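Participant: The following block contains a protein sequence and its predicted model.
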Amino acid sequence: MPNDALDLPLLTLPTAAEATAPHLLIIYTGGTVGMVANHLNELVPMHFGELDRQLPELRRLPYRIELLALPELIDSSNVTPADWLRLARLIGHHYAAFDGFVVLHGTDTMAYSAAALGFLLEHLGKPVVFTGAQVPVGRTRSDAARNLLTALEIAAARHQPAGTVRLPEVGVFFDDVLIRGTRAKKVESQQFAAFKSENYPPLVRAGINLDFNDASIRPLPAAPLKVHQQLEEKVAVLRLFPGITAAVVEAVLGVPGLRGCVLETYGSGNAPTAPWFLDCLARAQQRGVLVLNVSQCEEGRVVQGRYETSARLTRLGVIGGDDITTEAAITKLMFVLGLNLPEADTRRLLSQDLRGEITV
């Protein structure tokens, strides 16, 4: 995808909206939600101009809706940081013209993409709702319609009577629940409830009405939107397991040019105390590799120093990640390292809550 192609054609969807109705932009990146069966019963991407034919309910929505499809659709397994930067640029380019955004995305890496956009879109004051489907829109029991229609309703929601934005942040909506983008984790491939947020409550529950958890939603920012355009890709994830060898640890931490690594440890941040393991970490620190400690437990929280096995990590300069998810940790590492700040400032930002990714 060319980096400078921001003026992509928009398709206006005929709806029942008045001229003053909320103005929403759907950005279609690819994924199961936009797949239909061809004459051979093979799943292929549909032409996005067919969306209102596949989902006629869209015509009854009281919103002004426009559609933007990427010229080259992306299987979510092929998503790269360059795609996240492109999405951030597109939202920044159209930010003034729209009241909210819905991003249709494949489920496999949606949590990573939502977390990345959460960091890249600083001072976000409008909704950016990621959604998709487990079953293609053309199938009888597809969840695509419910997810998309509700995502649009959330993106259009305003406080009444003030008219202020209800959700000024990036979220993931799936199966009647909207969770913060920096808290999302895909947990299912066979059920409709594909995503969870173990350490933070949902921001919205969709029943007969939308139930907003306003106390858990980030406040409207005082500063204008800032779209960041740099991510550091020289990062890695190292998951510990009983029997892991020095060769494996050294192979990951010793990657030439590596700048950061997410270390997935046990329980509340514990790791082996074998001398070879601590020596590997020490050598990585000496080479300038920053290590961010994340618990393997889905509902875990890193508390470095609770046990001797984690206290040694603190003495080696490993940064505690609190209750951050691996998806948010790796994208946060890319984002913060991409700022190219002095090491002390980088460490400070990695240990702080930037976009609601850790519980203060």
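Facilitator: Ah, there it is.
Participant: contacts and neighbour counts: CA atoms only from here.
Facilitator: OK.
Participant: residue contacts, Q352?
Facilitator: Q352 makes contact with I358, according to Cα atoms under 8 Å, 6 or more residues apart in numbering.
Participant: residue contacts, the most centrally placed residue in the chain?
Facilitator: Note on the chain: the residue nearest the mean C-alpha position is A114, at 1.7 Å, using Cα atoms, centre = their mean. Each residue near A114 by Cα under 8 Å, 6+ apart is listed here: 130, 170-172, 181-182, 184.
Participant: List just the nearest of those residues to C280.
Facilitator: When the contacts of A114 are compared for distance to C280 (Cα to Cα), T182 wins out at 29.8 Å.
Participant: Wait, that closest one touches R355, no?
Facilitator: Yes - with contact defined as Cα atoms under 8 Å, T182 reaches R355; the gap is 7.1 Å.
Participant: which residues are in contact with both of those two?
Facilitator: Common neighbours of T182 and R355 (Cα under 8 Å, 6+ apart) are G118.
Participant: between the two, which one's more packed in?
Facilitator: T182 (33 against 23; other Cα atoms under 10 Å).
Participant: Spatially nearest residue to that one (excluding sequence neighbours)?
Facilitator: For T182, ignoring the flanking residues on the chain, the nearest one in space by Cα to Cα, 6 or more residues apart in numbering is A115 at 4.3 Å.
Participant: measure that neighbour to L220 for me?
Facilitator: Here A115 is placed at a distance of 18 Å from L220 (Cα to Cα, to the nearest Å).
Participant: Just want to know which of these two has more residues nearby.
Facilitator: Set A115 next to L220 and count neighbours by other Cα under 10 Å: A115 wins out with 29 against 16.
Participant: for that one, what are its contacts?
Facilitator: Residues in contact with A115, defined by Cα under 8 Å, 6+ apart, are 170, 181-184, 327-328, 331-332.
Participant: same thing but 6 Å
Facilitator: Counting by Cα atoms under 6 Å, 6 or more residues apart in numbering, A115 touches 181-182, 328.
Participant: could you point out which element follows whichever strand or helix holds it?
Facilitator: In this assignment (DSSP states H and E), A115 forms part of helix 110-120. Sequence-wise, the next helix or strand downstream of helix 110-120 (DSSP H and E) is strand 121-122.
Participant: List of residues touching that following strand?
Facilitator: Here strand 121-122 has contacts from 225-227, using Cα under 6 Å, 6+ apart.
Participant: 8 Å - rerun?
Facilitator: Applying Cα under 8 Å, 6+ apart, the external contacts of strand 121-122 come out as 88, 225-228.
Participant: And the next helix or strand past it?
Facilitator: Following strand 121-122 in sequence, per DSSP H and E, is strand 128-131.
Participant: and that next one, average pLDDT?
Facilitator: Averaged over strand 128-131, pLDDT sits at 96.
Participant: Could you report the pLDDT at Q160?
Facilitator: pLDDT, read off for Q160, is 89.
Participant: Phi first, then psi, for it.
Facilitator: phi -120, psi 140 (degrees, to the nearest 10).
Participant: So what does W84 look like in phi/psi?
Facilitator: phi -60, psi -40.
Participant: I'd say it and L117 touch.
Facilitator: Yes - counting by Cα under 8 Å, W84 touches L117, with 6.6 Å between them.
Participant: Direction included, what does the helix or strand containing L67 pair against?
Facilitator: Using DSSP H and E, L67 maps to strand 64-69. With DSSP bridges as the test, strand 64-69 is paired with strand 11-13 (antiparallel), strand 23-28 (parallel).
Participant: Of all the ones you listed, which one is nearest E233?
Facilitator: strand 23-28 (24.5 Å).
Participant: could I get that closest one in PDB with only the CA atoms?
Facilitator: Output in PDB follows, covering the C-alpha atoms of strand 23-28 (Å, rounded to 0.1, in the frame of the first residue of the first chain):
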ATOM      1  CA  HIS A  23     -21.200  11.400  10.500                       C
ATOM      2  CA  LEU A  24     -19.400   8.100  10.700                       C
ATOM      3  CA  LEU A  25     -16.600   6.500   8.600                       C
ATOM      4  CA  ILE A  26     -16.300   2.800   8.200                       C
ATOM      5  CA  ILE A  27     -12.700   1.700   7.300                       C
ATOM      6  CA  TYR A  28     -12.600  -1.800   5.800                       C
END
